[in-house]
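Chemist: Using only what follows, build the 3D model:
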Amino acid sequence: MGKIRAAIAGVGNCASSLIQGIEYYKALDKNHPERSLGLMHFNLGGYKPDDIEFVAAFDIDKRKVDKPLREAIFAQPNCTKAFNRNISDIPVTVMMGNLLDGLSAHMQDYSEKRTFLVAGRKPCDVSGVLKQSGADVLISYLPVGSEKATAFYAEACLKTGVSLINCVPVFIASNKEWANRFEKRNIPIIGDDIKSQIGATIIHRTLTKLFEDRGVKMDNTYQLNVGGNTDFLNMLNRTRLASKKISKTEAVQSQLQTPLDNENIHIGPSDYIPWLMDNKICFLRMEGRGFGNIPIHLEMRLSVEDSPNSGGVVVDAIRCCKIARDRGVGGVLVSPSAYFMKHPMIQFPDETARDMVEEFIKGKKER
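Modeler: Below you'll find the model as predicted:
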């Protein structure tokens, strides 16, 4: 099937986990009993995780720019678990990206090991690097609230014909104007805002659908998330959270026939706790009424390593983009976006979206 040539915008914790994971599966013997552990698909459309190779990377931190990618993924302020330091010699040097609004000013008030240190370098020609690298797909791991920076990288994809997987809550694939532009250029795009494998949003969606299907009227719900990585530090600036809150809230509201009033649902990051590092803790509460109008209350606490929790989903998204390219299919990939992302163009129940992805992989046309 050949290789899938991937580029990364933002060499943070998620990029670190993704690269560590791909190298982890690559090193396992083909008969290893846990070769598919943690993956939704080991073989997706003929492509396996070790068919993904990295050909370009962009960042703005001086501890990463001009460094080999295999070293940059472990540089501060990255703090995700290093579950695999046995990284092959990836022939990629991290290039200086375009800063724009990728850094919130308040982050400069924190210690160097917690925040970004902007490299005093002129940005590279991102489109030129993408073109020269022969990238098939660009994965956007930019910080929450990077509206201008995300648009900049989306434009670079349109200019070069590179597919885009938008893992951040900036609305590109779910925006009709952007979607039409990718469709006209016949460039596959998946987005927006990655769902983790077993994360707060997918669990909240599943339980909300369960309440609905079992005849329980949900009256109130909240989802409070805390963590200690740069994502949570960045989100202390509440002005950067508008699209994030919309994305997470719509993901849950879409599972209800009658959405809750805004005052009865609260979903979003709560606080930054440095010593949690890349550990994310979700506190979830749901209040409803069942048979005979009798109350039912559900409370749950979820603790996950945040960045690896999305890695397996991105591995599938990369391969879905590539098989779309192989088939000459462009524009928004509806079923992968619905299953892998919190804020797709069209929301579907997760079990429906999963079936749609399986049909997509087999070559059936999108609904």
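Chemist: Low-confidence stretches in this structure?
Modeler: 367 (pLDDT under 70).
Chemist: Could I get the full set of helices for it?
Modeler: Secondary structure of the chain (DSSP state H): helices located at 13-27, 69-72, 126-133, 147-160, 176-184, 200-213, 230-234, 242-253, 308-327, 334-340, 350-362.
Chemist: any idea which of those is most buried?
Modeler: Per-stretch averages of neighbours, counted by mean count of other CB atoms under 10 Å, single out helix 334-340 among the helices of the chain, with a mean of 26. Where you see a C-beta, it was placed from the backbone N, CA and C, and this is true even at glycine.
Chemist: helices or strands next to it in the packing?
Modeler: Using 3 or more CB pairs under 8 Å, 6 or more residues apart in numbering; DSSP states H and E as the contact criterion, the elements in contact with helix 334-340 are strand 188-191, helix 308-327, helix 350-362.
Chemist: Confirm for me that Cys282 is in contact with Ala200.
Modeler: Yes: at 3.8 Å, Cys282 counts as touching Ala200 under the criterion of CB atoms under 8 Å.
Chemist: list the residues that contact both of the two?
Modeler: Here Cys282 and Ala200 have Gln223, Asn225, Leu302 as joint contacts, going by CB atoms under 8 Å, 6 or more residues apart in numbering.
Chemist: The first one contacts Gly268, correct?
Modeler: Yes: distance between Gln223 and Gly268: 7.5 Å, which falls inside the contact criterion (CB under 8 Å).
Chemist: so what sits against both of those two?
Modeler: Overlap of the contact sets of Gln223 and Gly268 (by CB under 8 Å, 6+ apart) consists of Lys248.
Chemist: Could you export the helices and strands packed on helix 334-340 as JSON lines, including distance to Ala9?
Modeler: Formatted as JSON lines, the helices and strands packed on helix 334-340 follow (distance: least, CB to CB, whole Å):
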{"stretch": "strand 188-191", "distance to Ala9": "13"}
{"stretch": "helix 308-327", "distance to Ala9": "13"}
{"stretch": "helix 350-362", "distance to Ala9": "24"}
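Chemist: Figure out which of these is closest to Lys48.
Modeler: With CB to CB as the criterion, Lys48 lies closest to helix 308-327 of the helices and strands packed on helix 334-340, at 8.4 Å.
Chemist: Now do that closest one against helix 200-213: the angle between them, please.
Modeler: Angle, helix 308-327 to helix 200-213, by axes from the mean of the first three to the mean of the last three CA atoms, to 10 degrees: 80 degrees.
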